[in-house]
Each structure stands twice: as structure tokens, then as C-alpha cells.
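Chemist: Got a predicted structure plus its sequence, pasted below:
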Amino acid sequence: MRNTMFRKLMAGEFGEIRAEMLAHDHVLSSLGGRTADQALEAGIPAKEIWLAVCEAFDVPEHRR
């Protein structure tokens, strides 16, 4: 998964503004105490980040 697909999925699930806020501000322990943006910068695969966000926010399986 590319970064652009990650951003598209985030916006589709949370809305554009909230998605950007979550990616920038919400720290996920499953990503080593990083935000999604920090995890992307650290080279963690976008799919892994997306799944961590889905788990943290209880996104239903069919939308993952």
C-alpha cells in the first residue's frame, strides 16, 4: 500500500480534516508510541499503519 492509498482510506473512514488530525496527533502504542505520520516517516509500511489505526478505532473488518 502506498502513502496516497493510506491517506485516501483515512479520509474515507474519518473525513479529510479528522483524518489529518489523527495522523498527525494520535499516538499509537502498536506503532512504538508514534503517530501515523511519524511511523510513515520512520519507514513503517503504510498497510501496517492502516491496520494499527483500524484496530485502535474499531474499524469494521469489511472496511479494512
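Modeler: Structure received. Numbering: from 1, shown residues only.
Chemist: just checking, residue 37 touches residue 21?
Modeler: No. When contacts are counted by Cβ atoms under 8 Å, residue 37 is not listed as touching residue 21 (10.6 Å). For every residue, glycine as well, the C-beta is placed using N, CA and C.
Chemist: More neighbours: which of those two?
Modeler: Summary of the neighbour comparison: residue 37 and residue 21, criterion other Cβ atoms under 10 Å, with residue 37 having more neighbours (15 against 12).
Chemist: State the mean pLDDT of the helix or strand where the more buried one lies.
Modeler: Residue 37 belongs to helix 36-41 when elements are defined using DSSP states H and E. When pLDDT is averaged over helix 36-41, the result is 98.
Chemist: I'd like the next helix or strand past it.
Modeler: Beyond helix 36-41 toward the C-terminal end (DSSP H and E), the next one is helix 46-56.
Chemist: For that following helix, give me every contacting residue.
Modeler: Contacts to helix 46-56, defined as Cβ atoms under 8 Å, 6 or more residues apart in numbering, come from residues 1-3, 5-6, 9-10, 22, 26, 28, 30-31, 36, 39-40, 59, 63-64.
Chemist: Buried ones in that helix, by neighbour count?
Modeler: Taking 16 or more other Cβ atoms under 10 Å as the neighbour-count basis, helix 46-56 is seen to contain the buried residues 46, 49-50, 52-54, 56.
Chemist: my read: residue 36 touches residue 25, true?
Modeler: No. Proximity of residue 36 to residue 25 does not meet the contact threshold set by Cβ under 8 Å, at 9.5 Å.
Chemist: And these two? Which one has more around it.
Modeler: In this view residue 36 and residue 25 are compared by other Cβ under 10 Å, and residue 36 has more residues nearby, 27 against 10.
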